[in-house]
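Peer 1: Below: sequence and its predicted model.
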Amino acid sequence: RNRYLAAYLRCMESGEEFEAVCRFLCRHDGQYHWHLTRAVPLRGDSGSIRKWIGTCTDIHDQKNSAELTQSHQLWLQQVLDMMPMGVIFVEQGSGNIAFANRAAIQMAGGKLPLGEGDCTDDSGNPIGIADLPVARVSRGERLEGLQMTWTTSSGVRRMLIYSEILPAMFGEPSIGMILFQDVTLLKQAEAELQQKQEDLIRSNEDLQQFAYAVSHDLQEPLRMVSGYTQLIARRYKGKLDANADEYIQFTIEGADRMSQLIRDLLAFSRAGNPETRRLEQVDMGSVVDWALLNLQIAVNESGAVVTRGLLPAVTGDQARLAMAMQNLIGNAIKYHSAEPPQVHISASRDGETWVFCVADNGIGFDMKYVERVFGVFKRLHGKDVPGTGIGLAIAKKIVEIHKGRIWAESEPGKGSKFYFTIPVG
């Protein structure tokens with residue numbers, strides 16, 4: 001009120017035009033409304049003020065709307081400044097930058113519009129001024145994942161750029177919005193990951209070749225040791241003392257175990273190489289037939305009875321799946337109880353996954369050792385049962401390269417159930 005009265009008195013004395021914004025009490029609703037008050041003096045022939053003519057306009061709604069709009073603009077600017085992605089608004093036609101958030105200014109090293117500086121595409125070709133993002137967007141182009149290398153005072157950056165044209169409002173020119181992200185570190189990480197993958201593939205290939213070479217080179221001296229020891233056993237059996245015969249037998253058995261261990265290690269290295277998979281539609285019933293054919297001697301000697309339910313077809317490597325099934329069935333036969341082995345193979349569908357189960361009536365094991373049974377050389381029953389402890393580890397590797405998982409449920413004296421999954425399709 002005091003400011004209003006002071007402005008009024010000053011204009012009365014000086015004769016200048018009067019304008020003020022203040023609130024008046026409105027009689028129709030008893031509320032204070034913002035008003036714009038204006039007055040101009042009318043002068044006579046002598047130049048003196050004869051009277052004042054003025055208006056008083058209710059601008060309450062417009063003022064609140066303007067304040068709200070300004071508040072929204074400040075809020076939007078704060079939100080955009082918080083974004084780690086660069087945001088630029090470009091006027092269509094002129095190419096003037098109407099707004100740039102904090103991230104855009106920082107990425108540009110304070111140099112806008114976006115792209116001023118040494119710009120190249122992914123092939124290293126220079127990008128001309130007319131083809132810079134701001135120029136293209138000002139012409140109405142939409143950029144979808146444009147990549148370019150941008151050199152500024154802040155360094156060399158790899159940019160990924162998108163844009164959209166926003167509709168014009170209230171007679172203003174339409175605005176192009178440019179979104180860009182600094183993907184320099186991401187590209188470096190991708191390059192490093194690609195290099196590590198290539199190094200890993202080479203390492204695996206070298207390791208596999210090494211395994212083949214070691215297998216061949218070790219098998220030869222082992223065959224020689226085993227052959228000559230068996231020759232000694234046949235020629236000198238009964239001619240030496242009882243201890244000598246026993247020692248010779250130990251030597252033969254040790255060489256045989258070492259030979260089997262080398263073969264199993266070679267199978268383990270082959271099973272875990274996904275690069276050599278041959279994916280095709282595989283009937284799991286045929287896989288079981290193949291496994292049982294390889295286990296025929298063990299089945300006959302143990303008197304095992306192997307049954308199966310209805311088994312589906314899956315996409316996989318038939319030879320490897322047969323190896324996994326052979327190891328699971330062979331494991332069930334090997335660790336049987338006093339009763340002849342009873343093995344049942346079944347399958348059920350769980351969403352987009354087939355769940356297979358190999359159940360037996362064997363000696364079982366304590367579930368606290370469940371993780372150990374799938375480890376290399378991890379055996380729960382010592383030397384009482386023959387084997388190298390690699391069979392279940394091979395099965396685990398084969399299931400994993402088929403993007404499945406394997407687990408077991410068991411209880412001592414009550415048999416075991418081994419489950420594994422294969423994706424449907």
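Peer 2: In hand now; what should we look at?
Peer 1: Can you report how many residues lie near residue 340?
Peer 2: Counted with other C-beta atoms under 10 Å, residues neighbouring residue 340 total 12. C-beta here means a position set from N, CA and C on the backbone, and glycine is covered the same way.
Peer 1: where does the stretch 251-400 of the chain have low pLDDT?
Peer 2: Scanning the stretch 251-400 of the chain for pLDDT under 70 picks out 257, 259-277, 376-389.
Peer 1: rerun that using 50 as the cut-off
Peer 2: 382 (pLDDT under 50).
Peer 1: quick one: the strands in the stretch 101-250 of the chain?
Peer 2: Applying DSSP state E, counting those that start in this stretch to the stretch 101-250 of the chain gives strands spanning 118-120, 144-152, 155-166, 175-182.
Peer 1: how about TSV for those, with mean pLDDT and distance to residue 321 added?
Peer 2: Listed next are the strands of the stretch 101-250 of the chain as TSV, based on pLDDT from 0 to 100; distance: least, C-beta to C-beta, whole Å:
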stretch	mean pLDDT	distance to residue 321
strand 118-120	74	50
strand 144-152	79	40
strand 155-166	82	42
strand 175-182	85	44
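Peer 1: on contacts alone, who are the packing partners of the top helix by length along the chain?
Peer 2: For the chain, the helix with the greatest residue count under DSSP state H is helix 184-236. Here helix 184-236 touches strand 155-166, helix 242-271, going by 3 or more C-beta pairs under 8 Å, 6 or more residues apart in numbering; DSSP states H and E.
Peer 1: Identify the neighbouring strands of the shortest one in the sheet and state each direction.
Peer 2: Neighbouring strands of strand 155-166 in its sheet, by DSSP bridges, are strand 144-152 (antiparallel), strand 175-182 (antiparallel).
Peer 1: Can you pull the poorly scored residue ranges out of the stretch 101-250 of the chain?
Peer 2: For the stretch 101-250 of the chain, the ranges with pLDDT under 50 are 170.
Peer 1: returning to what we had before: quick one: the longest helix of the chain to strand 144-152, angle?
Peer 2: Helix 184-236 and strand 144-152 are oriented at 100 degrees to each other (axes from the mean of the first three to the mean of the last three C-alpha atoms, to 10 degrees).
Peer 1: How about stretch 148-158, which residues are buried there?
Peer 2: Within stretch 148-158, the residues scored as buried using 16 or more other C-beta atoms under 10 Å are 148-150, 152, 157-158.
Peer 1: now those residues in a markdown table, with distance to residue 56?
Peer 2: Below are these laid out as a markdown table (distance: C-beta to C-beta, whole Å):
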| residue | distance to residue 56 |
| --- | --- |
| 148 | 59 |
| 149 | 62 |
| 150 | 57 |
| 152 | 56 |
| 157 | 58 |
| 158 | 61 |
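Peer 1: ok, of those residues, which one's closest to residue 55?
Peer 2: Using C-beta to C-beta, residue 152 comes nearest to residue 55 of the buried residues of stretch 148-158, at 54.8 Å.
Peer 1: quick one on the thing from earlier: okay, the strands of the stretch 101-250 of the chain, which one's buried deepest?
Peer 2: Ranked by mean neighbour count, those are led by strand 175-182 with a mean of 21 (mean count of other C-beta atoms under 10 Å).
Peer 1: Contacts made by that strand with the rest, please.
Peer 2: Residues outside strand 175-182 that contact it (C-beta atoms under 8 Å, 6 or more residues apart in numbering): 84-92, 98, 104, 107, 114, 133-134, 137-138, 140, 143, 157-166, 168.
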